[in-house]
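Q: fold the stuff below for me.
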Amino acid sequence: MKLYTSDEIRTQFIRFFQAKGHEVILSASVIPDNDPTVLFRTARE
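A: Next comes the predicted model:
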């Protein structure tokens with residue numbers, strides 16, 4: 001069994017979706033710039 005690096009897995013994942021007609025776009029942060037608010041809700045007991 002071949003062991004894959006994380007880069008190889010990522011490349012195969014991207015190529016799979018490209019073959020299905022999806023467009024590859026550049027990565028972007030999900031954290032807004034200059035936003036001091038909390039981006040998640042805390043759990044309550």
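Q: low-confidence ranges, the protein, go.
A: Within the chain, the ranges that satisfy pLDDT under 70 run 38-45.
Q: one more time with 80
A: Within the chain, the segments meeting pLDDT under 80 span 29-45.
Q: let's verify Ile14: helix, strand, or coil?
A: helix (DSSP: H, G, I helix; E, B strand; the rest coil).
Q: ok, and the closest non-adjacent residue to it?
A: Distances taken as C-beta to C-beta, 6 or more residues apart in numbering place Val24 nearest to Ile14, at 6.0 Å, with adjacent residues excluded. All C-beta spots, glycine's among them, are computed from the backbone N, C-alpha and C.
Q: wait, doesn't that neighbour sit right on Phe16?
A: No - using C-beta atoms under 8 Å, Val24 is not in contact with Phe16; the gap is 11.4 Å.
Q: hmm, back to that, show me what contacts the residue nearest to Ile14?
A: For Val24, the contact set (C-beta atoms under 8 Å, 6 or more residues apart in numbering) comprises 14, 17-18.
Q: for stretch 3-11, give me every contacting residue.
A: Identification of contacts with stretch 3-11 by C-beta under 8 Å, 6+ apart yields Gln12.
Q: send the alpha carbons of that stretch over as PDB?
A: What follows is stretch 3-11 as a C-alpha-only set of coordinates in PDB (Å, rounded to 0.1, in the frame of the first residue of the first chain):
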ATOM      1  CA  LEU A   3       1.500   6.000   1.700                       C
ATOM      2  CA  TYR A   4       0.600   9.500   0.500                       C
ATOM      3  CA  THR A   5       1.900  12.800   1.800                       C
ATOM      4  CA  SER A   6      -0.600  15.500   2.700                       C
ATOM      5  CA  ASP A   7       0.500  17.500  -0.400                       C
ATOM      6  CA  GLU A   8      -0.300  14.500  -2.600                       C
ATOM      7  CA  ILE A   9      -3.700  14.000  -1.100                       C
ATOM      8  CA  ARG A  10      -4.500  17.700  -1.500                       C
ATOM      9  CA  THR A  11      -3.400  17.600  -5.200                       C
END
